[in-house]
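J.: Quick one, fold the following:
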Amino acid sequence: MPTKFQTGHTPSNHVKAPDGSEIRLFHEVKGGGLSECTLAPGLTSSSISHRSVEEIWFFTEGSGLVWRQQGDVEETVKVERGVSLTIPKHTKFQFRNIGKKQLKFIIPTMPPWPGQAEAKPEVGPWPTSF
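T.: Numbering: from 1, shown residues only. Model prediction:
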């Protein structure tokens, strides 16, 4: 049976992500899901890792910093509109908004987000806002 077509606009309602940011859910298919993440100016997410999903982040607004760590490999990158990055499975990560506008990015999640238990709390480089 084919998957039903899905069409929509950016939802006005959001869910709270395990890292404290706001997530607006778009669509989900068998192989993955699509959402938009928003973090208000001056805020810093909690540090987490994902147990089974991988993500690609594409920044559409604002400016911020993203910290990622896998074993001994660690980096912090500046992000702004047009930057993309990956969050492989088991990567520790944390992000913060360093600008005056909301930090927004689009997230394809593969496979689809399985629920709150997916996120594992981690220790990151910055104090969290949540």
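J.: and stretch 5-19, what's its mean pLDDT?
T.: What stretch 5-19 shows for mean pLDDT is 90.
J.: now it, how far from the chain's geometric center?
T.: 13 Å (C-alpha atoms, centre = their mean, to the nearest Å).
J.: Mind listing what's buried along that stretch?
T.: 17-19 (16 or more other C-beta atoms under 10 Å). All C-beta spots, glycine's among them, are computed from the backbone N, C-alpha and C.
J.: Specify which member of those is nearest to residue 32.
T.: Proximity of the buried residues of stretch 5-19 to residue 32 (C-beta to C-beta) peaks at residue 17, which lies at 16.6 Å.
J.: Can you list which of the buried residues of stretch 5-19 are found in strands?
T.: Among the buried residues of stretch 5-19, none falls in strands (DSSP state E).
J.: The helix or strand encompassing residue 77: partners in the sheet, and parallel or antiparallel?
T.: Here residue 77 is covered by strand 73-80, with elements defined by DSSP states H and E. Partner strands and pairing direction for strand 73-80 (DSSP bridges) are strand 63-70 (antiparallel).
J.: what's the average pLDDT for the strand it pairs with?
T.: For strand 63-70, mean pLDDT is 98.
J.: from the chain's centre, how far out does that strand sit?
T.: Relative to the chain's own centre, strand 63-70 is displaced by 11 Å; criterion: C-alpha atoms, centre = their mean.
J.: tell me which residues of it are tucked away?
T.: For strand 63-70, by 16+ other C-beta under 10 Å, it's 63-69.
J.: Which pLDDT value does the model give residue 111?
T.: 97.
J.: what about it, neighbour count?
T.: Residue 111 has 14 neighbours, counted by other C-beta atoms under 10 Å.
J.: With residue 99 instead?
T.: Residue 99 - counted by other C-beta under 10 Å - has 15 other residues nearby.
J.: if we can go back for a sec, would a markdown table of the buried residues of stretch 5-19 with distance to residue 108 be doable?
T.: Below are those laid out as a markdown table (distance: C-beta to C-beta, whole Å):
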| residue | distance to residue 108 |
| --- | --- |
| 17 | 15 |
| 18 | 18 |
| 19 | 17 |
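J.: Show me the helices in this protein, by range?
T.: Ranges of helices within the chain: none, based on DSSP state H.
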